[in-house]
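What shape does this take:
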Amino acid sequence: MGRFDQFTYPLYKRDIENGVMTAAEAQDILDCLFMKYPETNYINADANQTAAGFSVQQQFIVGGQTPDGRDATNDVSYMLLQGSMNTRLGQPSVSLRMWDGTPDALYRKACELARLGTGHPSFFCDETIIPSLQDKGVLLEDARDYSAVGCSGVQCTRKDKGAHNAGYMNLATCLEFVLYNGYWPLGKSQKSIKTGDPLEFKTFEDLMEALRQQMRHLLGIYTKTTVKIEGVLRKLCPSPFLSCFVQDCITRARDRSDGGAFYNFGMTSRAVGLGTVADSLAVLKKLVFEDKSVTMAEMLKAMADNFEGHDRIKKLIAQCPKYGNDNDYVDAIAHDVTVIYSEEQDRYRSLFGGRFNPGFSTISANVFCGQIVSALPDGRSAWTPITEGVSPAHHMEKNGPTAVALSSAKLDHKGLSGGSILNLRFSPGTVTGEHGLDSLVSFVKGMQKAHIWHAQFNVVDTETLRDAQSNPNKHPDLLVRVAGYSTFFTGLPEILQNDIIDRSVYALA
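Next up, the predicted model:
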């Protein structure tokens, strides 16, 4: 639905002024509209693991800026947030664009919705997103007019052909290929290029260069495939009706699948496992290359043994810096990984010359992707979930939610124009009452000042989730935020339920 508050406000204002309807009647109409969205849903068996519970997602995004840089908040912005509060459904999704000019009242309304526990709204930061779009060639007025699409992706309203998530790039597998020289332990076969025997790496820079080469190789395969798919879509799947709403397809007399849009970005991968890879690289940098307290051979042997019988190494790993604690040592490594990812993706162009928008919108693919990856240097056991979005590894963050947000803000968001999901879970008791609401508002404002890309909250305690898993009939309407979408907890696969239950729970001061 895009910027619904922008294109409907003049109509709302006219009807209110002319006495056609009251504000209460208009709210009733919006509430009824909200109730229509869950009526339609896909049952997509192929996406059951990578996007479990994912529906036909429609996004309402409120607030933000006008194309000429003024605050865009209006009465309909508040009404959309209220509509989500009144209906409390998984769909449609509601998002808030926040910037330096966002009114305090809109922050407060959004946080009132957030603490209800439906997973709505998600929060987008203009100061991060607009420069990222400009870096990809988007005009300033179009960048200011962006809409949310899918989870944390964005597009230029009415001017983007709509190419977004086209699959997942498993960064943990990239690192695994580095440490096994292109060999895949689970498949017991050579699956990627050889980037050197890790026992012969002399410096941490050698390791990072091997990681870049693996990512370059796999992104090359991935991107060339998506470009071929664009050619197939142009030939077999034109969309003339949708093209009528995308500038400048009519003027150019070209379908959106044929390059008719003003912006023709390519279908882009979404990377998975940033926190896992950053923590693993930090362990290797500190223990193997700096302290030399563990040799590469010892680390590889511990990994092959799934760390069983390697208590000394496990203890040393636990003492290493972990992403999500506002620690520059490991956060800088995470930043460098995102730079490599965006730079290597930017080597390529779409079928119509557009650039790609890489990002970290993992959905539930972190669970599936982890099932094919062996043990890694961060101490993670083989075949277990890797990290999702730009969130840290579970229970590795020790300094609270503010430190998590500050770590994520240090990433190369300028290159990650495809969007990045930051999931946070708060204890319901910490956001109750006026003090709790004030604390949540302060935290959200702090995220904006830090210039994160995107964040969203689950507000539910572990006991409720465990009871719902054991007694689903008692909790038929329990909503959780999986990634950039909310869905009913009891309908998720058990392995994903366990991953959500295992997410760290934070309290706000």
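
what residues does stretch 312-325 touch?
For stretch 312-325, contacts defined as Cβ atoms under 8 Å, 6 or more residues apart in numbering pick out 274-275, 278-279, 282-283, 286-287, 293-294, 298-299, 302, 307, 327, 329-331, 333-334, 377-379, 391-393, 396-399, 403-404, 407-408. C-betas here are computed from N, CA, C, even on glycine.

ok, of these, which come out buried?
When the contacts of stretch 312-325 are checked for burial by 16 or more other Cβ atoms under 10 Å, the buried set is 274-275, 278-279, 282-283, 286-287, 294, 299, 302, 307, 327, 330-331, 333-334, 377-379, 391-393, 396-397, 403-404, 407-408.

so where's this protein shaky on pLDDT?
Scanning the chain for pLDDT under 70 picks out 41-56, 163, 509.

Kindly list the longest helix within it.
The helix that spans the most residues within the chain, counting by DSSP state H, is helix 204-236.

Downstream of it, the next helix or strand is which one?
helix 240-243 (DSSP states H and E).

Would you mind identifying the next helix or strand past that following helix?
Defined by DSSP H and E, the subsequent element after helix 240-243 is helix 249-252.

Contacts made by that following helix with the rest, please.
Contacts of helix 249-252 (Cβ under 8 Å, 6+ apart): Ser243, Cys244, Asp255, Arg256, Gly260, Ala261.

In TSV, list these along with neighbour count and distance to Leu492.
Shown next, in TSV, are the contacts of helix 249-252 (neighbours: other Cβ atoms under 10 Å; distance: Cβ to Cβ, whole Å):
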residue	neighbour count	distance to Leu492
Ser243	21	36
Cys244	10	37
Asp255	20	37
Arg256	23	34
Gly260	21	39
Ala261	27	35
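
Show me which pair in those is furthest apart.
Comparing every pair within the contacts of helix 249-252 by Cβ to Cβ identifies Cys244 and Ala261 as the most remote, at 12.0 Å.

residues contacting the residue nearest the centre of the chain?
For the chain, Ile421 is the residue whose C-alpha lies nearest the centre (Cα atoms, centre = their mean; 2.4 Å). Contacts for Ile421 (Cβ under 8 Å, 6+ apart) come out as 151-152, 360-362, 388-391, 454, 456, 483-484.

what do you get if the cut-off is 7 Å, keeping everything else the same?
Cys151, Ser152, Phe360, Ser361, Thr362, Gly389, Val390, His454, Ala483, Gly484 (Cβ atoms under 7 Å, 6 or more residues apart in numbering).

The closest residue to it other than its chain neighbours: what secondary structure?
Spatially, and ignoring its direct neighbours in sequence, Ile421 is nearest to Gly389 (3.3 Å; Cβ to Cβ, 6 or more residues apart in numbering). The three-state label given to Gly389 by DSSP: H, G, I helix; E, B strand; the rest coil is coil.

For Gly389, give its distance to Leu508.
Separation of Gly389 from Leu508 (Cβ to Cβ, to the nearest Å): 21 Å.

Who has more neighbours out of these two?
Gly389 (31 against 17; other Cβ atoms under 10 Å).

Would you mind listing the residues in contact with that one?
By Cβ under 7 Å, 6+ apart, the neighbours of Gly389 are Phe360, Ser361, Thr362, Ser420, Ile421, Leu422, Asn423, Ala483.

ok, 6 Å please
Phe360, Thr362, Ile421, Leu422, Asn423 (Cβ atoms under 6 Å, 6 or more residues apart in numbering).

Roughly how far does it sit from Ala271?
In terms of Cβ to Cβ, Gly389 sits 10 Å off from Ala271.

Which neighbours do the two have in common?
Common neighbours of Gly389 and Ala271, counting by Cβ under 6 Å, 6+ apart, are Phe360.

those strands in the chain, which residues are they?
Using DSSP state E, the strands of the chain run over 59-63, 93-98, 122-125, 146-149, 153-156, 165-170, 183-184, 189-190, 268-272, 423-426, 454-459, 479-481, 486-488.

Which of those strands sits closest to Gly415?
Taking the strands of the chain one by one with Cβ to Cβ, strand 268-272 is closest: 11.5 Å.

residues making contact with that closest one?
Contacts of strand 268-272 (Cβ under 6 Å, 6+ apart): 165, 167-171, 222, 341, 356-362, 365-366, 369, 418.

Also stretch 187-207?
For stretch 187-207, contacts defined as Cβ under 6 Å, 6+ apart pick out 177-179, 181-184, 210, 213-214, 217, 285, 289, 296-297.

Please apply the same query to stretch 142-151.
Here stretch 142-151 makes contact (Cβ under 6 Å, 6+ apart) with 2-3, 59, 61, 65, 67, 95, 130, 133-134, 154-157, 159, 164, 361, 421, 483-484.

What subset of the residues you listed is buried?
Among these, the ones that count as buried by 16+ other Cβ under 10 Å are 2-3, 59, 61, 65, 95, 130, 133-134, 154-157, 159, 164, 361, 421, 483-484.

And for the residue nearest to Thr295 when sequence neighbours are not counted, the neighbour number?
Nearest residue to Thr295, sequence neighbours excluded (Cβ to Cβ, 6+ apart): Val288, at 6.8 Å. For Val288, the neighbour count with other Cβ under 10 Å is 21.

Surely Val288 is in contact with Ala297?
No: contact criterion Cβ atoms under 6 Å: Val288 and Ala297 do not qualify, at 9.7 Å.

Now render the contacts of Gly389 as a markdown table, adding distance to Ser122.
Below are the contacts of Gly389 laid out as a markdown table (distance: Cβ to Cβ, whole Å):
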| residue | distance to Ser122 |
| --- | --- |
| Phe360 | 14 |
| Thr362 | 14 |
| Ile421 | 8 |
| Leu422 | 9 |
| Asn423 | 10 |
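
quick one: the nearest residue to Ser269 once chain neighbours are set aside from Thr223, how far?
Spatial nearest neighbour of Ser269, chain neighbours left out: Met169 (4.1 Å); criterion: Cβ to Cβ, 6+ apart. To Thr223, Met169 is 10 Å away according to Cβ to Cβ.

circling back: the contacts of stretch 312-325 in helices, which ones?
Per DSSP H, the subset of the contacts of stretch 312-325 in helices is 274-275, 278-279, 282-283, 298-299, 302, 329-331, 333-334, 403-404, 407-408.

And the residue nearest to Thr295, how far from Ile317?
Using Cβ to Cβ, we find Val288 at a distance of 11 Å from Ile317.

again with Thr295
Using Cβ to Cβ, we find Thr295 at a distance of 14 Å from Ile317.

Mind checking which of those two has more residues around it?
Each of Thr295 and Ile317 has its neighbours counted (other Cβ under 10 Å); Ile317 has more, 24 against 12.
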